[in-house]
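J.: Structure of the sequence below:
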Amino acid sequence: MNKQQQIANANTHLPPCLQILNARLVDFDSDAGNAELQFEVSEQFCHSVNVVQGGNVTAMLDAAMSHAAFMQNPEVIALPTLELKVSFLEPTLAGPATARGRVVKAGNSIVFLEGTLINSDGKISATSTSTAKLVKRKQQ
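T.: So this is what the prediction gives:
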């Protein structure tokens, strides 16, 4: 499967929690362990004054980080989060947002990840780090 087919396949299988945020994988680099997702967040995910609620910001960051790991290793079938930290730096408003995830280090069963969310003004609105368990396909 070429890169565009892998992106199309990933977008076809997005879970409902990402579909509702109008997510789509737009790029990845499996060698570098990077992934980029774009979102079009509606006002229904905001609280006061059009600001996206923090749990939804966290979901966008988590999705980018996990896609970085999934796209790097096709044997990974699940990625339960063991620890997640988010820093909110600027407001994320309804509308377009870009989330970038990166694999910092992957072992046999644990992966360390970083994420960055860029708001519609082009500013970094949130950053994250995560530790997750790599659940791989059983070897036949």
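J.: pLDDT at the residue lying closest to Val103 once chain neighbours are set aside, what is it?
T.: Spatial nearest neighbour of Val103, chain neighbours left out: Gly33 (3.0 Å); criterion: C-beta to C-beta, 6 or more residues apart in numbering. C-beta coordinates here come from the backbone N, C-alpha and C atoms, glycine included. Predicted confidence (pLDDT) for Gly33: 97.
J.: what's around Gly33, how many residues?
T.: 21 (other C-beta atoms under 10 Å).
J.: element containing the one residue sitting closest to the centre of the chain?
T.: The residue lying closest to the centre of the chain (C-alpha atoms, centre = their mean) is Ala64, at 1.5 Å. Remark: Ala64 resides in helix 54-72, with elements defined by DSSP states H and E.
J.: Double-check that Pro74 belongs to a strand.
T.: No: using DSSP: H, G, I helix; E, B strand; the rest coil, the secondary structure at Pro74 is coil, not a strand.
J.: buried residues in the host helix or strand of Ser130?
T.: Taking DSSP H and E as the definition, one finds Ser130 inside strand 124-133. For strand 124-133, a neighbour-count test (16 or more other C-beta atoms under 10 Å) marks 125-126, 128-130, 132 as buried.
J.: Who are the contact partners of the nearest residue to Val86 once chain neighbours are set aside?
T.: Nearest residue to Val86 in three dimensions, chain neighbours excluded: Ser128, at 4.6 Å (C-beta to C-beta, 6+ apart). Contacts for Ser128 were tallied using C-beta atoms under 8 Å, 6 or more residues apart in numbering; they are 58, 61-62, 65, 84-87, 113-117.
J.: Equivalent analysis for Ala126, please.
T.: 57-58, 61, 86-90, 92, 115-117.
J.: Alright, that wraps it up for me.
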